[in-house]
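**Q** pasting a predicted model and its sequence here:
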Amino acid sequence: MMHCYLMSSRRSFIRKAIGFTAISVGASILTDAHPIDAFIPAPIPKQKVLLTINGKQMELMVDIRSTVLDLLREQLGMTGTKKGCAMGDCGACMIHVNGNRTNACLTLAVYNDGNKITTIEGLSKADALHPMQAAFLKHDSFQCGYCTSGQIMSAVACLKEGKATNRDAIKEYMKRNICRCGSYQNIVDAIEEVKKSGAAI
Ligand code: FES
Ligand code: FES
């Protein structure tokens, strides 16, 4: 008899506990319900930047999250600079910022306010190819061409920085640029030729 009484009171306790929990959870859902506004994304802030791109001054409103690479390709339609890894590993996005080679995928546009940017589109003068572009053509320094604009921007920087002292030094400098087609020897040939020619770069 005592056993039955204990069983019944335990069942009743469990029922009450479950009921209480359900009411608490329900009440919490009702009282903690997020207002619908919480699910609407806030507008992305934009910021004004002044850039000189290939000699042309531009005042631009940019998404504060935008890299220079995305600014060039998506906002300005300058697709000569390529996006490969988007994390600083392949060199496809190489540009010059204030004369220094820079991975465009690693630098935010808003950090470059006032900077001078040169892209592959800014190397040639009118119809004349830059000597490095001409040398790449002459030496077949590309196959699919996806890495080529980044390779050329690095190659020009290599000469400007005086790093093309010999083939090994060129290879060392150019190792930030990956070519999946394996055009490495021809790229070094092109750089060596421009160096020997003494052409103004
Ligand atoms: S896209 Fe910038 S390093 Fe690969
Ligand atoms: S030419 Fe194809 S990745 Fe370099």
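**A** The structure has been received and is ready for your questions. Numbers count the residues shown, from 1 in each chain. Ligands and ions are numbered 1, 2, ... in the order given.
**Q** residue ranges with poor pLDDT in the protein?
**A** Applying pLDDT under 70 to the chain flags residues 1-35.
**Q** kindly report the domain assignment for it.
**A** The chain breaks down by automatic domain parsing into domains covering 11-39, 41-122, 125-201.
**Q** near ligand 2, which residues of the chain?
**A** 142-148, 179-181, 183 (Cβ under 6 Å from any ligand atom). For glycine as for every other residue, the C-beta is placed from the backbone atoms N, C-alpha and C.
**Q** for the residue positioned nearest the centre of the chain, give me phi and psi.
**A** Most central in the chain under Cα atoms, centre = their mean is Cys105, positioned 2.3 Å from the mean C-alpha point. Per-residue torsions, Cys105: phi -80, psi -10 (degrees, to the nearest 10).
**Q** kindly report the same for Ala200.
**A** The phi/psi pair for Ala200 (degrees, to the nearest 10) is phi -70, psi 130.
**Q** residues contacting it?
**A** Pro131 (Cβ atoms under 8 Å, 6 or more residues apart in numbering).
**Q** kindly report the residues of this protein close to ligand 1.
**A** Counting by Cβ under 6 Å from any ligand atom, the residues of the chain lying close to ligand 1 are 83-86, 88-93, 103, 105.
**Q** rerun that using 8 Å as the cut-off
**A** Proximity of the chain to ligand 1 (Cβ under 8 Å from any ligand atom) is limited to residues 69, 82-94, 103-106, 150, 176.
**Q** so the residue nearest to the centre of the chain touches Gly91, yeah?
**A** No - with contact defined as Cβ atoms under 8 Å, Cys105 does not count as touching Gly91 (9.8 Å).
**Q** list the contacts of Leu123.
**A** If you count contacts by Cβ under 8 Å, 6+ apart, then Leu123 has 129-130, 132-133, 152-153, 156 around it.
**Q** alright, calling it a day.
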